[in-house]
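Student: coordinates for the following, if possible.
(2 chains)
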Amino acid sequence: MWASPMVIRVEWALRLKGVEYEYVDEDLANKSADLLRYNPVTKKVPVLVHDGKPIAESTIIVEYIDEAWNGGYPIMAADPYERAQARFWARYAEDKVRALYAIFSTTSEAQRKAAHEAQQCLKTLETALEGKKFFGGDAVGYVDIIVGWYAHWLPVVEEVCGVSVVTDEELPLLKAWFGRLLAVDVLKAALPDRDRLLAANKARREQVLSA
Amino acid sequence: MAGSNDLKLLGMWASPFVLRVKLALSLKGLSYEYVEEDLRTKSELLLKSNPVHKKVPVLIHNGKPVCESSVILQYIDEAFAGTGPSLLPVDPYERAMARFWAAYIDDKMMAAWNQASKAKTEEEKAEAMKQSFATVETLEGALRDCGKGKPFFGGEDVGYVDVVLGGLLGWIRANDELQGVKPFDPERTPLLAAWAERFWSLEAVEPQMPDVSKLVEFGKMLQARQAAAGEGN
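Tutor: Residues are numbered from 1 along each chain as shown, chains lettered A, B, ... in the order given. Model (predicted):
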């Protein structure tokens, strides 16, 4: 689905590895028979189908891509301890993503609280960036792929909701990393058009507010 | 004795997540120092080793902490790849399947059980139990389809998913008594029920498993505490 950050993770992994793939856009309100067949358990995207065999759950798909094409670009570090750190932070980000969505679905005081909570979670995540260009070190790695969507989506959410979360004062390392990530051509090429994303999120926000 | 394999596990006797790590270490034949934490007065070491979550389990290997049970299991498998059996298979697709079902157990099945335990009205409880059961049925299907008649999720031998699920078995048995519910009912999910018996009785597993009667006592104490807290509102 064109606006899904989870799908972007998979596209980024494939593109970093230089793997060619066929992209099939799903209408989530009208899921294809293929999707239901390939992911009967959660019926969600993304699903990667490799030689007819389906894999679901974006974080799992990214590790799969790294292992199935293990001669190419190294997504995970080789060292077990670094891999453990990467998996820890990916899990942290997944567990805390609710805090980000909460900004989108609330207003006034509740929204201020949500924005603050999101900021606190991001500050914790930011500690993993200290002294590094990317979470993966000198180059994009697993955690960058898993949380990199923030760089494109969060500014859109901030604009649509009229909040500031990732600022130079509060999250300088993360903000700088946003810039570096979006400058990586391979990643930039896969991102959905910002204006289109903005419009879609504005519409969603209207729906949420009028509910 | 410090060395290249200095392992310390910070844990709590009733935690299913800690149990997963104990099982993995036992299956791999790794020795370690176990430190029981009092979660109401957490040690300096725990707070320093897991500043983000302040939870157990934490595995400290040569002074470096690893947190989150699923992360620890994979770490053990990778850092001690030459020692004992592997938890995860070699083939990337099979590894992805194992990770998928492990995530399903944590994110869907346990979440459903937690909802069920929080349910207040009979109606809420019935709905939550239905959801819970649906997740267990899905897992039964996974054992049937992916397991293909083999004794464990990992095939002939215990693997990652077996350990992830196995860690929960103590509480599964305790909840039978606490809530009168058999999550792995032999009539409705025969494969899982058989798997549970088989897993528990493994030589590397049985000595690690908690005393179910103590878990029941602990569960009753938690329920009483919850009820008291509720009345204070």
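
Student: quick check, residue B:166 in contact with residue B:20.
Tutor: Yes: with contact defined as Cβ atoms under 8 Å, residue B:166 reaches residue B:20; the gap is 7.1 Å. For every residue, glycine as well, the C-beta is placed using N, CA and C.

Student: out of the two, which sits in the busier spot?
Tutor: residue B:166 (27 against 24; other Cβ atoms under 10 Å in any protein chain shown).

Student: nearest residue to that one in space, please, no chain neighbours.
Tutor: residue B:199 (5.1 Å; Cβ to Cβ, 6 or more residues apart in numbering or on different chains).

Student: I'd say that neighbour and residue B:206 touch.
Tutor: No: checked against Cβ under 8 Å, the pair residue B:199 and residue B:206 is beyond contact range at 9.5 Å.

Student: other SSEs contacting the top helix by length along chain A?
Tutor: Determined from DSSP state H, the single longest helix within chain A is helix A:80-104. When contacts are defined as 3 or more Cβ pairs under 8 Å, 6 or more residues apart in numbering or on different chains; DSSP states H and E, helix A:80-104 packs onto helix A:108-126, helix A:142-147, helix A:149-161, helix A:194-210, strand B:64-67, helix B:69-79.

Student: for the residue lying closest to residue B:65 once chain neighbours are set aside, give me the pLDDT.
Tutor: Nearest in space to residue B:65, with sequence neighbours left out and distances taken as Cβ to Cβ, 6+ apart, is residue B:49 at 3.7 Å. Residue B:49 is assigned a pLDDT of 97 by the prediction.

Student: show me what contacts residue B:49?
Tutor: By Cβ atoms under 8 Å, 6 or more residues apart in numbering or on different chains, the residues touching residue B:49 are B:10, B:58, B:60, B:65, B:67.

Student: pretty sure the first one is in a strand, no?
Tutor: The one in question is residue B:10. Yes: remark: residue B:10 belongs to a strand, assigned using DSSP: H, G, I helix; E, B strand; the rest coil.

Student: what mean pLDDT does stretch A:187-197 get?
Tutor: On average, stretch A:187-197 scores 95.

Student: please read the previous query as pertaining to stretch A:93-111.
Tutor: Computed over stretch A:93-111, the average pLDDT equals 89.

Student: got the CA coordinates for that stretch in CSV?
Tutor: Only the C-alpha atoms of stretch A:93-111 are listed here, as CSV (Å, rounded to 0.1, in the frame of the first residue of the first chain):
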residue,chain,number,x,y,z
ALA,A,93,10.4,1.4,18.2
GLU,A,94,7.7,-1.1,17.4
ASP,A,95,6.4,-1.1,20.9
LYS,A,96,6.3,2.7,21.2
VAL,A,97,4.8,3.4,17.8
ARG,A,98,1.4,3.7,19.5
ALA,A,99,2.7,7.0,21.0
LEU,A,100,3.2,8.4,17.5
TYR,A,101,-0.2,7.3,16.3
ALA,A,102,-1.7,8.9,19.4
ILE,A,103,-0.6,12.4,18.2
PHE,A,104,-2.7,11.9,15.1
SER,A,105,-5.8,10.8,16.8
THR,A,106,-6.1,13.4,19.6
THR,A,107,-6.5,17.1,20.0
SER,A,108,-5.8,19.8,22.6
GLU,A,109,-4.5,18.6,26.0
ALA,A,110,-4.6,14.9,25.0
GLN,A,111,-2.5,15.8,21.9
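
Student: show me which residues of chain B sit near chain A.
Tutor: With Cβ under 8 Å from any Cβ of the partner chain as the criterion, chain B meets chain A at residues B:52, B:61, B:64, B:66-68, B:70-72, B:74-75, B:78-79, B:92-93, B:95-97, B:99-100, B:103-104, B:108, B:138.

Student: now restrict these to buried residues only.
Tutor: B:61, B:66-68, B:70-72, B:74-75, B:78-79, B:92-93, B:95-97, B:99-100, B:103-104, B:108, B:138 (16 or more other Cβ atoms under 10 Å in any protein chain shown).

Student: rewinding a little: how about the helices and strands packed on helix A:80-104 in CSV, adding distance to residue A:79?
Tutor: Below are the helices and strands packed on helix A:80-104 laid out as CSV (distance: least, Cβ to Cβ, whole Å):
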stretch, distance to residue A:79
helix A:108-126, 21
helix A:142-147, 13
helix A:149-161, 26
helix A:194-210, 36
strand B:64-67, 11
helix B:69-79, 9
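
Student: buried sites along the biggest helix by length in chain B?
Tutor: The helix that spans the most residues within chain B, counting by DSSP H, is helix B:122-145. For helix B:122-145, burial by neighbour count (16+ other Cβ under 10 Å) applies to B:125, B:128-129, B:131-133, B:135-136, B:138-140, B:142-143.

Student: now swap in stretch A:88-104 and tell me
Tutor: A:88-94, A:96-97, A:99-100, A:102-104.

Student: centroid residue for chain A?
Tutor: residue A:149 (3.6 Å; Cα atoms, centre = their mean).

Student: if you skip the residues just before and after it, what's nearest to that one?
Tutor: Going by Cβ to Cβ, 6+ apart, residue A:149 has residue A:5 as its nearest residue, at 3.5 Å.

Student: then residue B:158?
Tutor: residue B:152 (5.2 Å).

Student: quick one: neighbours of that neighbour, just the number.
Tutor: With other Cβ under 10 Å as criterion, residue B:152 counts 20.

Student: wait, it sits on residue B:160?
Tutor: No: under the criterion of Cβ under 8 Å, residue B:152 is not in contact with residue B:160, lying 10.3 Å apart.

Student: in chain B, which helix or strand is least confident?
Tutor: Ranked by mean pLDDT, DSSP states H and E, the weakest helix or strand in chain B is helix B:111-118, scoring a mean of 84.

Student: what's next to that one, contact-wise?
Tutor: Contacts of helix B:111-118 (Cβ under 8 Å, 6+ apart): B:125, B:128, B:129, B:131, B:132, B:134, B:135, B:179, B:183.
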